[in-house]
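after the sequence you'll find the predicted model.
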Amino acid sequence: MTLEISGVRKAFGGNVVISGTTLAPEKGLITSLVGPNGAGKTTLFNLITGFLRPDEGEIRYQGRSLIGLKPQKITAMGLARSFQSLRLFTNMTVFENVLVSQENSLRPWQRNRQHHANAEAVLKRVGLLAKRHSPAADLSYAEKKFLSLARLMALGAQLYLLDEPASGLDGPSRVAFQQLLRSLQEEGHTILLIEHNLDIVREVSDRIAFLNQGVVAALGTPEEIFSNQELTQIYFGISA
């Protein structure tokens, strides 16, 4: 296991958002987190990546505890995390956005040939190489989504935590996104995905973790999760 979450609890005042959650995504697989709104999915990502500290429990990556580490340190260990907001530098070019993502600060990254080559490679993979000199602000929404993913890919991480990366994408863009996820998996990357589009979840997931009221209520294949009438009732509020 690369990531191990054991008995993690997080409360905000009297509101318990994560309640004794345990999860160990299998290395090299795509695991999707699904569940009703307020189930704790994004909070769990924040706990893994150091933006929040759990009240109880342990989070380990490759055998090392992540508790108390700063987000930058966790990223340097090989965990790349996206956010629901794109967090792009809209006043920079597409190419510069990817370059600067490879640095901890704005020191002279322009002179690093390895970073330049890596930036071009990831932009080619996401279909944005032709727009590398365009301001990020001029991209379409779908292109901005792929640029955000390119910035993560440039980090060379082994574990991707993606928070609604496909939201707002049209049909062709969703297909391209799914193909990109599969290509990352084929290279040996592990992916933990939060996604509300259940068509995408069905298509790309090897495993699905169903979160409800802050705990992993079920873990299984897409077929096992979506055929479970009790889980369907919780998620949709209706019978399967």
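Looks like it arrived, so ask away. Numbering: from 1, shown residues only.

please tell me how far the residue nearest the centre of the chain sits from Leu192.
The residue lying closest to the centre of the chain (C-alpha atoms, centre = their mean) is Leu162, at 1.4 Å. Separation of Leu162 from Leu192 (C-beta to C-beta, to the nearest Å): 7 Å. (C-beta placed from N, C-alpha, C; glycine too.)

likewise Phe12?
Phe12 is 22 Å from Leu192, by C-beta to C-beta.

in terms of neighbours, single out the busier of the two.
Per other C-beta atoms under 10 Å, whichever of Phe12 and Leu192 has more neighbours is Leu192, with 25 against 10.

and Pro54, what is it in contact with?
Counting by C-beta atoms under 8 Å, 6 or more residues apart in numbering, Pro54 touches Val8, Arg9, Lys10, Ile18, Leu47, Ile67.

helix, strand, or coil at the second one?
The reference is to Arg9. strand (DSSP: H, G, I helix; E, B strand; the rest coil).

ramachandran angles for the closest residue to it other than its chain neighbours?
Closest residue to Arg9 apart from its sequence neighbours, by C-beta to C-beta, 6 or more residues apart in numbering: Glu56 at 4.1 Å. Reported as degrees, to the nearest 10, the phi and psi values for Glu56 are phi -150, psi 160.

ok, Glu56 - how many residues close by?
13.

surely it touches Val8?
Yes: between Glu56 and Val8 there is a contact at 6.9 Å, judged by C-beta atoms under 8 Å.
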